[in-house]
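> Predicted model and sequence below, questions to follow.
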Amino acid sequence: DLPVSSRMWRPLVVAAAAVAVHAVPQYHSCLEGGNGTHLPYCNAALSVDERVNDLVSRLTLSEKIGLIQISGCTNSMPADGGATRIGLEPYNWGTEMLHGAQAKCAGDRCPTIFPVLATTGATFNRSAWQAVGSAVGDEMRAINNNGTIGRTDCSLSGPGVSGWGPNINLVRDPRWGRNIEVATEDPYIAGQLAIAWVKGVQGDDPKYVKIAASLKHFSAYSMENSDGANRFGFDPTISARDVAESYLPMFKAGIVDGGALGMMCSYTSLNGTAFCESERWLARWARGKHGFRGNVVTDCGALTMPGPEGKMDGPHNAAKGLLAGADLNCGQPWAYTQQNVTAAIDSGLVPMSVLDAAVGRSLKVRMLAGVFDPLEAQPYTTIGLEALGSDAHRQLALDVAAQGLVLLQNPARRAEAPITSANNSGEVGPASGGAGVPSRSGGAAAVPTLPFKTGVATAVIGPHAVSREALLGTYFDLACPPNATAAVQFGCVQSPLEAIAELNGGDATVHAPGCANIACDALDTVKMIDDAAAAAAKADQVILLVGIDQKVEGEGHDRLDTRLPGFQSALVTKCSASASPRSSFCSTVGLSHLTPCRQRLWRSSRPSTLGSKGRKRWPRRSTARPTAGASCRSPSTTATTPGRSRCSTCRFSPHPAEPTSFGRARPRSGSLARASRTPSSPPLSVQPARLAAVTVTVTAARTHAQTLSCGVPRTR
């Protein structure tokens, strides 16, 4: 593994341990004066199992049901019902920690927003993965120890000692709305990330857990809405081999080698049975075969989806979930209502012992995190707010983002005009290694696209030049103090234009948006593109910042295709033509088929900045076709390229008139729903043959070392 930084993450834990707690930690039930301090479950001298059994035995049926029925914390409902008469206050299970603690700021300290897993995964660095997990765990604990920091959308004070993350689903299609939340298309890489991240966030103390991690989403989840289907109750048919090779390895790794204490079952059904109601996968596979000792939470509303589980009445639905091993029902609406669970028990559909086991598993997770033990005996209850957004964590975030950059090409080419800057001693971008350095005498020379020079007339063009919120990814609360309105909460985030102007010099930097917004479809777009092209023609260097944002794709909706929105392609084409033969750099926010960038642009793919709302349908017919020399009978069969070995997938090139899907061949109608059923769908890293560009992928593990001789990376 490469070193993360000279400012390593581990010393922060040591330093934080010496910081006094600023307030009483939240959800700790056995502190002096509590209702349960005299009961055996608060006796730290007893074993964990003895204490859990004592606590469960003291609960009424109504209290037990309240403890397995939780909210997503988006309204005034508590996360669970608690049992205050014996010292259990309502507990918040629903804190996201995908790439940082989802919580408000504490004064001028805000949680660190780390790169999304698409970027973190591209580091291929276990040390970095564990470092990020540890830092997120520190900040979650700092918030819990403070006891007063909550979420803007939640009435509870703040996170508990558990959280939801990491997301270890697979990239199966470049149009999936949640691609930026996951690290890779490779089950092995996802599993290795799960191990490292879980070990980091849960800590290495032999007795206490820092923050209990919850692997999500178990499993076969890679579609939001497509071709009339959506994720709610989606029931794909997947072969046993594909399930075993694609959808289980990363969860096995997180459970067996990582020791994860939580798992979230997905909305998806598998071959007619919902994962959240599958005794085969939850009880027998996870707990029985692989020794999973934590609790299972349903994705919110999963037990009432319009799939197989939604066709049962309430009591049967609740009974099936409990018998399968789903311990917490996140709603709303809930299947584990007082009425449904009571009826299921009274009618004999589910024995009381099953309910007791579900309640006990969740209480045990909290007990392993020390919420029923004296504070002074624990290593993590002393982490203070100094850990929240610390300099060390921000440096770590920067290091991981830098390691996520993957330079694929930077070819030298002839410069037809000298750089005219009076100050060209600085450089912006990766080191060129000395080869092909432009001639300072003004003559034509072989010039690599990178590194760029500073102090040079530079045009910054594109709708993402001034982006702020779009750069942060998804699943975070606030980015900037103070905790005021949405209008100011991104003011501390530096836009690309501001960063470039700071490096290059404001007088040498010109901004031409080219588009009024990401949609790039306003009435004055043509004039704005002409103005941008004119700016490009006058500049020595052109930086194009185009792509998508949260209105194009995200949780709940997938993309129609991978083309740039509106007239952004026209913007790239015209500006790059005007800029030729000068240096051009093209960065795309999101995964986009950027044909105009070929041959003369440095293209980066930056899906660390996505998430969106809105629905679109997929095209009814795929226009992808095999490249010359490839012979494919169907998208799921193997291909033979003359003179080369057989490969697991075919390499496709989109029709020139319809560059829709990074060369992805989609079965039948081309829907993401059907594509997710195809075991050997081509990986996301396949590039169209006609896209010959200087290419940098900035975020995700889109190519692997395991590359076949035909040039198509394996998916597993």
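Yep, it's here. Residues are numbered from 1 along each chain as shown.

> Specify the next element, helix or strand, located C-terminal of the host helix or strand of residue 344.
Using DSSP states H and E, residue 344 falls within helix 338-346. Remark: after helix 338-346, the chain's next helix or strand is helix 352-368, criterion DSSP H and E.

> For that next one, name the packing helices and strands.
helix 48-57, helix 61-68, strand 295-298, helix 314-324, helix 338-346 (3 or more Cβ pairs under 8 Å, 6 or more residues apart in numbering; DSSP states H and E). Glycine gets a C-beta too; all of them are placed from N, C-alpha and C.

> These: which one's closest to residue 105?
Evaluated over those, closeness to residue 105 peaks at strand 295-298, with 26.8 Å, by Cβ to Cβ.

> May I have that closest one as PDB, with CA atoms only?
Taking C-alpha atoms only, strand 295-298 is exported to PDB below (Å, rounded to 0.1, in the frame of the first residue of the first chain):
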ATOM      1  CA  ASN A 295     -28.000  -6.900  13.400                       C
ATOM      2  CA  VAL A 296     -29.800  -6.500  10.100                       C
ATOM      3  CA  VAL A 297     -31.800  -3.300   9.200                       C
ATOM      4  CA  THR A 298     -34.100  -3.100   6.200                       C
END
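
> Show me what that strand is in contact with.
By Cβ atoms under 8 Å, 6 or more residues apart in numbering, the list of residues contacting strand 295-298 from outside reads 70, 93, 164, 214, 218, 261-265, 276, 282, 286, 321, 325-330, 358, 361-362, 364-365.

> before we move on, the earlier item: nearest to residue 523, out of the helices and strands packed on helix 352-368?
That would be strand 295-298 among those, by Cβ to Cβ, at 46.9 Å.

> now the strands for the stretch 1-150 of the chain?
69-70 (DSSP state E, counting those that start in this stretch).

> all helices for it, in order.
10-16, 48-57, 61-68, 117-121, 126-146 (DSSP state H, counting those that start in this stretch).

> how about those helices in CSV, adding mean neighbour count, distance to residue 29 and mean pLDDT?
Converted to CSV, the helices of the stretch 1-150 of the chain look like this (neighbours: other Cβ atoms under 10 Å; distance: least, Cβ to Cβ, whole Å; pLDDT from 0 to 100):
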stretch, mean neighbour count, distance to residue 29, mean pLDDT
helix 10-16, 16, 24, 35
helix 48-57, 18, 9, 97
helix 61-68, 20, 12, 94
helix 117-121, 30, 33, 92
helix 126-146, 27, 13, 95
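
> okay if I get these as CSV plus distance to residue 564?
Formatted as CSV, the helices of the stretch 1-150 of the chain follow (distance: least, Cβ to Cβ, whole Å):
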stretch, distance to residue 564
helix 10-16, 41
helix 48-57, 55
helix 61-68, 46
helix 117-121, 19
helix 126-146, 31
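
> if we compare those, which one ends up closest to residue 584?
Set against residue 584 and scored by Cβ to Cβ, the helices of the stretch 1-150 of the chain come closest in helix 117-121, at 23.6 Å.

> Export that closest one to PDB, keeping only CA atoms.
These are the backbone C-alpha positions of helix 117-121, laid out as PDB (Å, rounded to 0.1, in the frame of the first residue of the first chain):
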ATOM      1  CA  LEU A 117     -16.300   5.800  -2.600                       C
ATOM      2  CA  ALA A 118     -15.900   6.100  -6.300                       C
ATOM      3  CA  THR A 119     -12.800   8.200  -5.700                       C
ATOM      4  CA  THR A 120     -11.700   6.400  -2.600                       C
ATOM      5  CA  GLY A 121     -11.900   3.000  -4.300                       C
END
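
> That one packs against which elements?
Right, helix 117-121 is packed against helix 126-146, helix 187-202, helix 391-403 by 3+ Cβ pairs under 8 Å, 6+ apart.

> 6 Å instead, please
For helix 117-121, there is no helix or strand it packs on, judged by 3 or more Cβ pairs under 6 Å, 6 or more residues apart in numbering; DSSP states H and E.

> Setting the sequence-adjacent residues aside, check what's closest to residue 369.
Closest residue in space to residue 369, ignoring its immediate chain neighbours: residue 161 at 3.7 Å, by Cβ to Cβ, 6 or more residues apart in numbering.

> my bad, residue 467
residue 495 (6.1 Å).

> I'd like to know which helix or strand in this structure has the lowest mean pLDDT.
Lowest on mean pLDDT, DSSP states H and E among the helices and strands of the chain sits strand 652-653, with a mean of 27.

> how near is the closest residue to residue 463 other than its chain neighbours to residue 566?
Nearest residue to residue 463 in three dimensions, chain neighbours excluded: residue 515, at 4.4 Å (Cβ to Cβ, 6+ apart). Computed as Cβ to Cβ, to the nearest Å, the residue 515 to residue 566 distance reads 7 Å.

> who's more crowded, these two?
Higher neighbour count among residue 515 and residue 566: residue 515, with 27 against 18, using other Cβ atoms under 10 Å.

> So the more buried one: helix, strand or coil?
Classification of residue 515 using DSSP: H, G, I helix; E, B strand; the rest coil returns coil.

> Alright, calling it a day.
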